[in-house]
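Participant: Here you go, sequence then predicted model.
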Amino acid sequence: MSYIKAKKYYAQHFLTDHSIAERIVNSLKSSNYILEIGPGKGILTKYLVNKNNFYVIEIDKDCAKHIQLKYPEIKNNLFIEDFLNFDFNKIPSHRFSIIGNFPYNISSQIFFKIFGDKNRVNEVVCMLQKEVAQRIVSEPGNKDYGILSVLLQSYFNIEFLFSVKPGSFYPPPKVNSGVIRLVRNQNKNLDCDEKLFLQVVKTSFNQRRKILKNSLKSIIDISVQEKIFLKRPEQLHYKDFIYITNLISSLIK
């Protein structure tokens with residue numbers, strides 16, 4: 001088996017602790033139609049390869065070749081491409097689950113892509129930088145609460161599962177990691193203009209120290225006497241942002 005060197009370009013830190021790998025895989029509730037993102041040397045793949053309708057996507061050609069040699073049975077289910085540009089229609093099921101050790105440098109982008117096609121994703125179990133994991137699971141009133149918290153919590157039930165120390169990787173990262181699980185909730189839609197909702201959430205948190213009345217001026221000049229506009233974004237639940245979106249929508253019209 002060929003030697004695979006971690007590439008800084010892809011922010012690769014290969015998990016080496018098999019007990020952690022098995023724990024991550026066992027955290028996945030779904031067992032049919034699973035997509036693993038960035039298998040690297042295949043430490044998670046080992047525990048996933050016998051699952052029904054298992055697929056892998058890997059951007060690193062060296063790692064992809066390694067996976068093909070190690071697990072020839074998934075050759076036809078291996079996509080050698082960038083997940084951020086991946087067409088979900090290549091998975092022959094309307095709904096599927098995602099698992100993986102997400103590269104620290106693009107984990108937020110991965111989640112924005114998942115949010116953009118959330119009706120295709122049943123569940124996500126992933127390991128990422130602990131700081132980002134805490135941000136995603138954070139609740140209103142917490143300093144870590146932000147854009148991803150609001151967007152993902154509007155469509156997924158999210159929980160922090162466990163922490164992983166740098167010594168479980170090679171090369172070891174300079175930060176701790178965290179494993180989280182996201183399970184699609186019952187919201188089919190948010191009962192608002194979702195394009196405007198996304199704009200409102202992003203604009204609010206881009207100036208998070210300002211009250212909404214001031215931070216949202218780029219969208220609309222708010223003169224209505226609504227107390228909610230005197231709050232800061234980290235104080236608001238995603239349902240509050242739905243309310244604000246509908247209010248702004250009515251004012252624009």
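Facilitator: Good, I have the coordinates. A quick note: this is a predicted structure, and the numbers were derived from the prediction, not measured.
Participant: The residue nearest to the spatial centre of the chain: what's it in contact with?
Facilitator: Nearest residue to the geometric centre of the chain (Cα atoms, centre = their mean): residue 111, 3.0 Å. When contacts are counted by Cβ atoms under 8 Å, 6 or more residues apart in numbering, residue 111 touches 136, 148, 151-152. The C-beta positions use only the backbone N, C-alpha and C, and glycine is treated the same way.
Participant: In PyMOL, how would I select just the buried ones from the residues you listed?
Facilitator: Buried residues among these (16 or more other Cβ atoms under 10 Å), as a PyMOL selection:
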select buried, resi 136+148+151+152
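Participant: is it possible to export the contacts of residue 111 to TSV including secondary structure and pLDDT?
Facilitator: Output for the contacts of residue 111, formatted as TSV (DSSP: H, G, I helix; E, B strand; the rest coil; pLDDT from 0 to 100):
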residue	secondary structure	pLDDT
136	helix	97
148	helix	97
151	helix	97
152	helix	98
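Participant: Now tabulate the contacts of residue 111 in TSV and tack on distance to residue 87.
Facilitator: Listed next are those as TSV, based on distance: Cβ to Cβ, whole Å:
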residue	distance to residue 87
136	25
148	23
151	22
152	22
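Participant: Which one of the contacts of residue 111 is nearest to residue 91?
Facilitator: residue 152 (20.3 Å; Cβ to Cβ).
Participant: Check which helix or strand residue 183 maps to.
Facilitator: Residue 183 belongs to strand 177-184 when assigned by DSSP states H and E.
Participant: Which residue ranges make up each domain of this structure?
Facilitator: 8-184, 194-252 (automatic domain parsing).
Participant: So which of these has the densest surroundings on average?
Facilitator: domain 8-184 (a mean of 18; mean count of other Cβ atoms under 10 Å).
Participant: where's that domain relative to the chain centroid, distance-wise?
Facilitator: 8 Å (Cα atoms, centre = their mean, to the nearest Å).
Participant: quick one: the helices in this structure?
Facilitator: Ranges of helices in the chain, per DSSP state H, are 18-26, 45-48, 61-70, 107-116, 130-137, 147-153, 194-206, 212-215, 238-252.
Participant: The longest one vs helix 194-206, what angle?
Facilitator: By that I understand helix 238-252. Orientation of helix 238-252 against helix 194-206 (axes from the mean of the first three to the mean of the last three Cα atoms, to 10 degrees) gives an angle of 110 degrees.
Participant: Distance across stretch 81-93, terminal residue to terminal residue?
Facilitator: 19 Å (Cα to Cα, to the nearest Å).
Participant: From the rest of the structure, what touches it?
Facilitator: 32-33, 35, 37-38, 53, 55, 57, 59, 79, 96, 106, 109-110, 113, 117, 120.
Participant: if we can go back for a sec, and which of the contacts of residue 111 is nearest to residue 212?
Facilitator: Nearest member of the contacts of residue 111 to residue 212, counting by Cβ to Cβ, is residue 151, at 16.9 Å.
Participant: Which residue comes closest to that closest one once chain neighbours are left out?
Facilitator: The shortest distance from residue 151 to any non-neighbouring residue, by Cβ to Cβ, 6 or more residues apart in numbering, is to residue 115 (5.1 Å).
Participant: Residue 22 too?
Facilitator: residue 47 (5.5 Å).
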